[in-house]
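1. no letters, just coordinates:
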């Protein structure tokens, strides 16, 4: 797992693509950068532009300014580094043909897959879980109030009938009270 983390830290996004740079790959494959680049140049037909491309000075300057470790210090001074996409890294393993290259290629592929997985399904955190629970509670409450309002309509009708009956009884009582003669002394 620690090896995957080291590899994931060496994956950059350049030109909208996740790539690894030649000097990082050389370090991982335990070969010199020039040996790696020579192997690529001998098999250049295996590396179309969607597998590998060379960085421009501007891209290298931008990357150097964004990273704590200066990329310029890690690369050979004479040439611009090559950037390898996931497919290029896999192809590189077939060009290098060493046991380390095969094992490293597997790890690098797993690192790319893990990054793709993280991007497609971000990890759930407490806030996301709480938001989901709140959403479910709101739906439940709305459903309960809908049911309550349905019951409430029936109850309202019954209460209205009761109130109407009470009002009729009160008016009859008031009417009956007026018709009764008063008992007692008349002034």
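-> Sure, I can see it. In this text the structure is predicted, and so the values were computed from the model without any measurement.

2. quick check: what element follows the helix or strand bottoming out on mean pLDDT in the chain along the chain?
-> Among the helical and strand segments of the chain, the one scoring lowest on mean pLDDT, DSSP states H and E is helix 71-74, with a mean of 55. Sequence-wise, the next helix or strand downstream of helix 71-74 (DSSP states H and E) is strand 82-84.

3. next one: that next one to chain centre, how far?
-> Put simply, strand 82-84 sits 27 Å off its chain's centre (CA atoms, centre = their mean, to the nearest Å).

4. make 16 the starting number, not 1.
-> Sounds good: first residue 16 from here, last item strand 97-99.

5. can you pull out the helices in this structure?
-> Applying DSSP state H to the chain gives helices spanning 17-23, 37-44, 48-57, 72-81, 86-89, 101-111, 114-135, 141-194.

6. buried deepest among the ones you listed, which one?
-> Of those, the one with the most neighbours on average (mean count of other CB atoms under 10 Å) is helix 37-44, at a mean of 22. No exception for glycine: its C-beta is placed from N, CA and C like everyone else's.

7. which strands or helices does that one pack on?
-> Contact analysis of helix 37-44 by 3 or more CB pairs under 8 Å, 6 or more residues apart in numbering; DSSP states H and E lists helix 48-57, strand 97-99, helix 101-111, helix 114-135 as its packing neighbours.

8. try it again at 6 Å.
-> Judged by 3 or more CB pairs under 6 Å, 6 or more residues apart in numbering; DSSP states H and E, helix 37-44 is in contact with helix 48-57, helix 114-135.

9. worst average pLDDT in those helices?
-> Taking the mean pLDDT of each of those, the lowest value is held by helix 114-135, a mean of 76.

10. so which elements touch that one?
-> Where contact means 3+ CB pairs under 6 Å, 6+ apart, helix 114-135 is packed against helix 17-23, helix 37-44, helix 101-111.
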